[in-house]
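In: The following comprises the amino acid sequence and a computationally predicted model.
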Amino acid sequence: MNLQQFRCVRETYRCNFNLTAAARSLETSQPAVSKSIIELEHELGVQIFQRHGKRLRGLTRHGEKVLRRIKRILLEVENLQKMREEFTQNETGSLIVACTHAQARYILPTVILAFRKKFPKVRVALAEGNPPDLATMVLHGKADLAIATESLHTTPGLAVLPVYEWGHVVVVRPDHPLAEVAKADKPLTLTQLAQYPLITYDHAFSARSEIDRVFEAHGLLLDVVLSAIDADIIKTYVRMGLGVGLIAGMAYQPEEDTDFVGLPVSHLFGRHTTNLALKSGSLVRDYVYEFIGMLADNLSRERVDAALAQKR
(Lines give C-alpha, C1' and ligand atoms only; values in the text may rest on other atoms or scores of the structure.)
Protein backbone atom coordinates (compact mmCIF):
# COMPACT_ATOMS: atom_id res chain seq x y z
CA MET A 1 0.00 0.00 0.00
CA ASN A 2 1.09 3.58 -0.56
CA LEU A 3 -0.20 7.11 -0.08
CA GLN A 4 -0.80 7.64 -3.78
CA GLN A 5 -3.28 4.75 -3.79
CA PHE A 6 -5.06 6.31 -0.83
CA ARG A 7 -5.16 9.71 -2.56
CA CYS A 8 -6.62 8.14 -5.70
CA VAL A 9 -9.45 6.54 -3.72
CA ARG A 10 -10.21 9.73 -1.79
CA GLU A 11 -10.10 11.98 -4.85
CA THR A 12 -12.29 9.61 -6.88
CA TYR A 13 -14.88 9.78 -4.14
CA ARG A 14 -14.60 13.57 -3.96
CA CYS A 15 -15.04 13.84 -7.74
CA ASN A 16 -18.31 11.90 -7.63
CA PHE A 17 -16.62 8.70 -8.90
CA ASN A 18 -15.39 10.40 -12.07
CA LEU A 19 -11.92 8.99 -12.76
CA THR A 20 -11.09 11.66 -15.34
CA ALA A 21 -11.87 14.47 -12.89
CA ALA A 22 -9.91 12.68 -10.14
CA ALA A 23 -6.90 12.33 -12.41
CA ARG A 24 -7.06 16.02 -13.30
CA SER A 25 -7.19 16.97 -9.63
CA LEU A 26 -4.21 14.72 -8.83
CA GLU A 27 -2.32 15.94 -11.91
CA THR A 28 -1.90 12.44 -13.30
CA SER A 29 -3.57 10.25 -15.93
CA GLN A 30 -6.90 8.44 -15.71
CA PRO A 31 -5.28 5.02 -16.32
CA ALA A 32 -2.83 5.71 -13.47
CA VAL A 33 -5.70 6.47 -11.07
CA SER A 34 -7.60 3.37 -12.17
CA LYS A 35 -4.50 1.20 -11.77
CA SER A 36 -3.79 2.52 -8.26
CA ILE A 37 -7.34 1.75 -7.15
CA ILE A 38 -7.28 -1.76 -8.60
CA GLU A 39 -3.90 -2.50 -6.99
CA LEU A 40 -5.19 -1.38 -3.60
CA GLU A 41 -8.32 -3.49 -3.99
CA HIS A 42 -6.16 -6.51 -4.79
CA GLU A 43 -3.98 -5.87 -1.73
CA LEU A 44 -6.98 -5.53 0.56
CA GLY A 45 -8.87 -8.40 -1.02
CA VAL A 46 -12.10 -6.35 -1.27
CA GLN A 47 -13.79 -4.23 -3.90
CA ILE A 48 -13.85 -0.55 -2.87
CA PHE A 49 -16.05 0.81 -5.67
CA GLN A 50 -19.23 -0.47 -7.29
CA ARG A 51 -18.75 -0.81 -11.04
CA HIS A 52 -20.98 -0.82 -14.08
CA GLY A 53 -18.73 -1.74 -16.98
CA LYS A 54 -15.82 0.66 -16.83
CA ARG A 55 -17.73 3.26 -14.83
CA LEU A 56 -17.69 3.62 -11.07
CA ARG A 57 -21.14 3.96 -9.51
CA GLY A 58 -20.42 4.30 -5.80
CA LEU A 59 -18.77 2.75 -2.78
CA THR A 60 -19.30 -0.82 -1.70
CA ARG A 61 -20.09 -1.61 1.94
CA HIS A 62 -16.42 -2.50 2.44
CA GLY A 63 -15.40 0.58 0.45
CA GLU A 64 -17.19 2.89 2.90
CA LYS A 65 -15.11 1.47 5.77
CA VAL A 66 -11.90 1.68 3.74
CA LEU A 67 -12.56 5.30 2.79
CA ARG A 68 -13.11 6.34 6.42
CA ARG A 69 -9.69 4.97 7.34
CA ILE A 70 -8.03 6.45 4.28
CA LYS A 71 -9.37 9.89 5.21
CA ARG A 72 -7.93 9.55 8.72
CA ILE A 73 -4.54 8.40 7.42
CA LEU A 74 -4.25 11.24 4.91
CA LEU A 75 -5.36 13.77 7.51
CA GLU A 76 -2.56 12.65 9.80
CA VAL A 77 -0.08 12.82 6.91
CA GLU A 78 -1.19 16.41 6.29
CA ASN A 79 -0.84 17.14 10.00
CA LEU A 80 2.72 15.76 9.99
CA GLN A 81 3.57 18.01 7.05
CA LYS A 82 2.21 21.01 8.95
CA MET A 83 4.16 19.94 12.03
CA ARG A 84 7.37 19.85 10.02
CA GLU A 85 6.68 23.37 8.78
CA GLU A 86 5.94 24.49 12.33
CA PHE A 87 9.25 23.11 13.57
CA THR A 88 11.41 24.42 10.74
CA GLN A 89 9.56 27.56 9.57
CA ASN A 90 7.70 28.82 12.61
CA GLU A 91 6.71 32.24 11.25
CA THR A 92 6.76 31.62 7.51
CA GLY A 93 4.34 29.87 5.21
CA SER A 94 0.93 30.61 3.78
CA LEU A 95 -2.58 31.25 5.03
CA ILE A 96 -5.51 30.67 2.68
CA VAL A 97 -8.81 32.11 3.89
CA ALA A 98 -11.95 30.98 2.09
CA CYS A 99 -14.60 33.69 2.39
CA THR A 100 -17.51 35.44 0.77
CA HIS A 101 -17.09 38.81 -0.88
CA ALA A 102 -18.74 40.51 2.12
CA GLN A 103 -16.12 39.13 4.52
CA ALA A 104 -13.27 40.03 2.16
CA ARG A 105 -14.58 43.54 1.62
CA TYR A 106 -15.91 44.60 5.02
CA ILE A 107 -14.56 42.37 7.81
CA LEU A 108 -11.10 41.08 6.87
CA PRO A 109 -9.10 44.18 5.79
CA THR A 110 -8.25 45.38 9.32
CA VAL A 111 -7.60 41.81 10.49
CA ILE A 112 -5.26 41.05 7.60
CA LEU A 113 -3.42 44.33 8.06
CA ALA A 114 -2.77 43.55 11.74
CA PHE A 115 -1.81 39.97 10.90
CA ARG A 116 0.66 41.04 8.21
CA LYS A 117 2.36 43.42 10.64
CA LYS A 118 2.90 40.57 13.10
CA PHE A 119 3.72 37.88 10.51
CA PRO A 120 5.28 39.66 7.51
CA LYS A 121 6.72 36.42 6.11
CA VAL A 122 3.36 34.62 5.89
CA ARG A 123 1.69 34.83 2.49
CA VAL A 124 -2.04 35.50 2.79
CA ALA A 125 -4.52 34.59 0.05
CA LEU A 126 -8.29 35.06 -0.08
CA ALA A 127 -10.31 32.41 -1.91
CA GLU A 128 -13.78 33.81 -2.55
CA GLY A 129 -16.83 31.72 -3.34
CA ASN A 130 -20.32 30.79 -2.24
CA PRO A 131 -20.72 29.19 1.21
CA PRO A 132 -21.03 25.54 0.06
CA ASP A 133 -17.85 25.92 -2.01
CA LEU A 134 -16.03 27.48 0.94
CA ALA A 135 -16.86 24.46 3.09
CA THR A 136 -15.56 22.14 0.37
CA MET A 137 -12.31 24.09 0.10
CA VAL A 138 -11.57 23.50 3.78
CA LEU A 139 -12.61 19.84 3.70
CA HIS A 140 -10.36 19.20 0.69
CA GLY A 141 -7.37 21.09 2.09
CA LYS A 142 -7.62 23.92 -0.44
CA ALA A 143 -8.01 26.50 2.34
CA ASP A 144 -6.90 26.70 5.97
CA LEU A 145 -10.18 28.10 7.21
CA ALA A 146 -13.50 29.43 5.94
CA ILE A 147 -15.69 32.33 7.05
CA ALA A 148 -19.37 32.44 6.11
CA THR A 149 -22.89 32.59 7.50
CA GLU A 150 -24.41 29.61 5.69
CA SER A 151 -23.44 25.97 5.09
CA LEU A 152 -20.49 25.70 7.45
CA HIS A 153 -22.41 24.52 10.54
CA THR A 154 -24.34 21.93 8.49
CA THR A 155 -21.26 20.43 6.79
CA PRO A 156 -19.92 17.20 8.37
CA GLY A 157 -16.19 17.16 8.97
CA LEU A 158 -15.85 20.82 9.93
CA ALA A 159 -15.11 22.34 13.33
CA VAL A 160 -17.29 25.45 13.46
CA LEU A 161 -17.02 28.45 15.78
CA PRO A 162 -19.13 31.63 15.93
CA VAL A 163 -17.36 34.87 14.99
CA TYR A 164 -19.97 37.65 15.19
CA GLU A 165 -23.70 38.39 14.90
CA TRP A 166 -25.32 40.73 12.42
CA GLY A 167 -28.67 41.84 11.05
CA HIS A 168 -29.97 43.03 7.68
CA VAL A 169 -30.27 46.68 6.64
CA VAL A 170 -32.52 48.18 3.97
CA VAL A 171 -30.76 50.82 1.86
CA VAL A 172 -32.60 53.37 -0.28
CA ARG A 173 -31.80 56.61 -2.02
CA PRO A 174 -32.62 59.78 -0.03
CA ASP A 175 -35.49 60.57 -2.43
CA HIS A 176 -37.17 57.19 -1.88
CA PRO A 177 -40.45 57.12 0.12
CA LEU A 178 -38.95 54.72 2.67
CA ALA A 179 -36.38 57.37 3.56
CA GLU A 180 -39.22 59.20 5.30
CA VAL A 181 -39.62 56.23 7.67
CA ALA A 182 -36.01 56.69 8.75
CA LYS A 183 -36.53 60.43 9.26
CA ALA A 184 -39.54 59.68 11.46
CA ASP A 185 -37.31 57.36 13.50
CA LYS A 186 -39.87 54.57 13.28
CA PRO A 187 -39.15 50.87 12.64
CA LEU A 188 -39.83 49.75 9.10
CA THR A 189 -42.72 47.28 8.80
CA LEU A 190 -42.77 44.26 6.53
CA THR A 191 -45.92 45.59 4.85
CA GLN A 192 -44.14 48.83 3.98
CA LEU A 193 -41.14 46.95 2.59
CA ALA A 194 -43.35 44.60 0.53
CA GLN A 195 -44.69 47.58 -1.46
CA TYR A 196 -41.41 47.94 -3.36
CA PRO A 197 -39.27 45.72 -5.59
CA LEU A 198 -36.24 44.33 -3.76
CA ILE A 199 -32.62 43.86 -4.72
CA THR A 200 -30.97 41.35 -2.42
CA TYR A 201 -28.70 38.32 -2.21
CA ASP A 202 -28.68 35.11 -4.17
CA HIS A 203 -30.18 32.16 -2.25
CA ALA A 204 -26.76 30.82 -1.20
CA PHE A 205 -25.78 34.04 0.61
CA SER A 206 -26.41 36.08 3.74
CA ALA A 207 -29.48 34.37 5.20
CA ARG A 208 -31.58 34.84 2.06
CA SER A 209 -33.66 31.79 3.05
CA GLU A 210 -34.82 33.63 6.18
CA ILE A 211 -35.98 36.58 4.10
CA ASP A 212 -38.04 34.27 1.90
CA ARG A 213 -39.47 32.49 4.95
CA VAL A 214 -40.57 35.69 6.69
CA PHE A 215 -42.41 37.02 3.62
CA GLU A 216 -44.11 33.67 3.08
CA ALA A 217 -45.12 33.39 6.75
CA HIS A 218 -46.87 36.76 6.53
CA GLY A 219 -48.54 35.98 3.21
CA LEU A 220 -46.74 38.83 1.45
CA LEU A 221 -45.29 38.81 -2.05
CA LEU A 222 -41.49 38.95 -2.20
CA ASP A 223 -40.74 40.81 -5.42
CA VAL A 224 -37.00 40.34 -6.00
CA VAL A 225 -36.15 42.11 -9.25
CA LEU A 226 -32.45 41.33 -9.00
CA SER A 227 -30.37 38.95 -6.88
CA ALA A 228 -26.60 39.20 -6.54
CA ILE A 229 -23.74 37.59 -4.67
CA ASP A 230 -22.40 40.68 -2.92
CA ALA A 231 -23.58 43.95 -1.43
CA ASP A 232 -21.53 46.21 -3.72
CA ILE A 233 -23.50 45.01 -6.73
CA ILE A 234 -26.77 45.41 -4.85
CA LYS A 235 -25.89 48.99 -3.91
CA THR A 236 -24.95 49.79 -7.51
CA TYR A 237 -28.43 48.91 -8.73
CA VAL A 238 -30.10 50.72 -5.84
CA ARG A 239 -28.24 53.84 -6.96
CA MET A 240 -29.68 53.32 -10.43
CA GLY A 241 -33.20 53.30 -8.98
CA LEU A 242 -33.98 49.68 -9.80
CA GLY A 243 -35.35 48.90 -6.35
CA VAL A 244 -34.81 48.79 -2.59
CA GLY A 245 -31.64 47.12 -1.37
CA LEU A 246 -31.65 44.52 1.40
CA ILE A 247 -28.09 43.80 2.53
CA ALA A 248 -26.07 42.50 5.47
CA GLY A 249 -25.56 45.15 8.14
CA MET A 250 -21.74 45.17 7.90
CA ALA A 251 -22.04 46.18 4.23
CA TYR A 252 -23.79 49.45 5.08
CA GLN A 253 -21.19 51.97 6.17
CA PRO A 254 -22.76 55.42 6.67
CA GLU A 255 -19.42 57.21 6.45
CA GLU A 256 -18.91 55.80 2.94
CA ASP A 257 -22.50 55.25 1.78
CA THR A 258 -23.47 58.91 2.07
CA ASP A 259 -25.83 58.61 -0.90
CA PHE A 260 -28.00 56.08 0.97
CA VAL A 261 -30.40 56.06 3.86
CA GLY A 262 -30.14 52.88 5.94
CA LEU A 263 -32.99 51.26 7.88
CA PRO A 264 -32.08 48.39 10.27
CA VAL A 265 -34.49 45.45 9.91
CA SER A 266 -33.25 42.92 12.47
CA HIS A 267 -36.70 43.11 14.03
CA LEU A 268 -38.08 41.67 10.78
CA PHE A 269 -35.48 39.10 9.75
CA GLY A 270 -33.71 38.31 13.03
CA ARG A 271 -30.03 38.17 13.94
CA HIS A 272 -27.60 35.90 12.13
CA THR A 273 -24.25 34.38 13.01
CA THR A 274 -21.17 34.37 10.81
CA ASN A 275 -19.02 31.34 11.56
CA LEU A 276 -15.44 30.25 11.13
CA ALA A 277 -14.67 26.67 10.08
CA LEU A 278 -11.57 24.49 10.22
CA LYS A 279 -11.18 20.88 9.18
CA SER A 280 -11.99 18.64 12.14
CA GLY A 281 -8.94 16.89 13.55
CA SER A 282 -6.48 19.04 11.60
CA LEU A 283 -3.30 20.50 13.04
CA VAL A 284 -3.42 24.29 13.28
CA ARG A 285 -0.22 26.28 12.93
CA ASP A 286 0.56 28.92 15.55
CA TYR A 287 0.03 31.85 13.22
CA VAL A 288 -3.41 30.50 12.25
CA TYR A 289 -4.41 30.57 15.93
CA GLU A 290 -3.19 34.17 16.00
CA PHE A 291 -5.27 35.06 12.94
CA ILE A 292 -8.37 33.52 14.50
CA GLY A 293 -7.78 35.46 17.72
CA MET A 294 -7.51 38.69 15.74
CA LEU A 295 -10.77 37.87 13.96
CA ALA A 296 -12.64 37.21 17.21
CA ASP A 297 -10.93 37.82 20.53
CA ASN A 298 -13.19 35.30 22.30
CA LEU A 299 -11.79 32.45 20.17
CA SER A 300 -8.88 31.30 22.31
CA ARG A 301 -6.52 28.48 21.35
CA GLU A 302 -8.24 26.26 23.91
CA ARG A 303 -11.67 26.92 22.45
CA VAL A 304 -10.44 26.22 18.93
CA ASP A 305 -8.77 22.98 20.04
CA ALA A 306 -11.96 21.85 21.77
CA ALA A 307 -13.95 22.39 18.57
CA LEU A 308 -11.33 20.55 16.48
CA ALA A 309 -11.52 17.55 18.80
CA GLN A 310 -15.29 17.16 18.46
CA LYS A 311 -16.47 14.59 15.92
CA ARG A 312 -19.03 15.81 13.39
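Out: That came through fine. Numbering: from 1, shown residues only.
In: Give me the neighbour count for L59.
Out: Residue crowding around L59 was assessed by other Cβ atoms under 10 Å; the count is 19. Every residue, glycine included, has its C-beta placed from N, CA and C.
In: so E41 sits right up against R51, yeah?
Out: No. No contact is recorded between E41 and R51 when judged using Cβ atoms under 8 Å, the distance being 10.5 Å.
In: Give me the more crowded residue out of these two.
Out: When neighbours are counted by other Cβ under 10 Å, E41 and R51 differ, and E41 comes out ahead with 19 against 12.
In: tell me which element that one falls in.
Out: helix 30-44 (DSSP states H and E).
In: now swap in V170 and tell me
Out: With the criterion set as DSSP H and E, the secondary-structure element containing V170 is strand 168-172.
In: what does that strand rub up against?
Out: The set of residues external to strand 168-172 that reach it, using Cβ atoms under 8 Å, 6 or more residues apart in numbering, is 178-179, 188, 193, 206-207, 211, 234-235, 238, 244-249, 251-252, 257, 260-266, 268-269.
In: Just the buried subset of those residues, please.
Out: For the contacts of strand 168-172, a burial check counting by 16 or more other Cβ atoms under 10 Å picks out 178-179, 188, 193, 206-207, 211, 234-235, 238, 244-249, 251-252, 257, 260-263, 265, 268-269.
In: and the worst-scoring helix or strand of the chain on mean pLDDT, which residues are buried?
Out: Among the secondary structure pieces of the chain, namely its helices and strands, helix 61-88 has the lowest mean (mean pLDDT, DSSP states H and E), a mean of 80. Taking 16+ other Cβ under 10 Å as the neighbour-count basis, helix 61-88 is seen to contain the buried residues 63, 66-67, 70-71, 74-75, 82, 86.
In: What angle do helix 61-88 and the following helix or strand past it make with each other?
Out: Helices and strands here follow DSSP H and E; after helix 61-88, the next one along the chain is strand 93-99. Taking axes from the mean of the first three to the mean of the last three Cα atoms, to 10 degrees, one finds that strand 93-99 is oriented at 130 degrees with respect to helix 61-88.
In: which residues in the stretch 101-250 of the chain form helices?
Out: Assignment of helices within the stretch 101-250 of the chain using DSSP state H, counting those that start in this stretch yields the ranges 101-102, 108-118, 131-139, 179-183, 190-193, 208-217, 231-239.
In: residues in contact with the nearest residue to M250 once chain neighbours are set aside?
Out: Excluding its sequence neighbours, the residue lying closest to M250 (Cβ to Cβ, 6 or more residues apart in numbering) is Y106, at 4.6 Å. Each residue near Y106 by Cβ under 8 Å, 6+ apart is listed here: 231, 250-251, 253.
In: Quick one: buried ones out of these?
Out: Buried members of these, counted by 16+ other Cβ under 10 Å: 231, 250-251.
In: can those residues go into CSV with extra columns for distance to A21 and pLDDT?
Out: Putting those into CSV (distance: Cβ to Cβ, whole Å; pLDDT from 0 to 100) gives the following:
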residue, distance to A21, pLDDT
A231, 34, 92
M250, 36, 92
A251, 35, 94
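In: Roughly how far does the closest residue to Q310 other than its chain neighbours sit from G141?
Out: Here the nearest residue to Q310 in space, its sequence neighbours aside, is A159; by Cβ to Cβ, 6+ apart that works out to 6.5 Å. When Cβ to Cβ, to the nearest Å is applied, the distance between A159 and G141 equals 14 Å.
In: Comparing those two, which residue is more hemmed in?
Out: Neighbours around A159 and G141, counted as other Cβ under 10 Å, are more numerous at A159. The numbers are 24 against 13.
In: bridging residues for that one?
Out: When assigned by DSSP bridges, A159 has beta-bridge partners L278.
In: Just send the contacts of Y106 back as CSV, with distance to A127 too.
Out: Listed next are those as CSV, based on distance: Cβ to Cβ, whole Å:
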residue, distance to A127
A231, 19
M250, 20
A251, 20
Q253, 24
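In: Mind checking which of these are in strands?
Out: Secondary-structure check on the contacts of Y106 using DSSP state E: no residue lies within strands.
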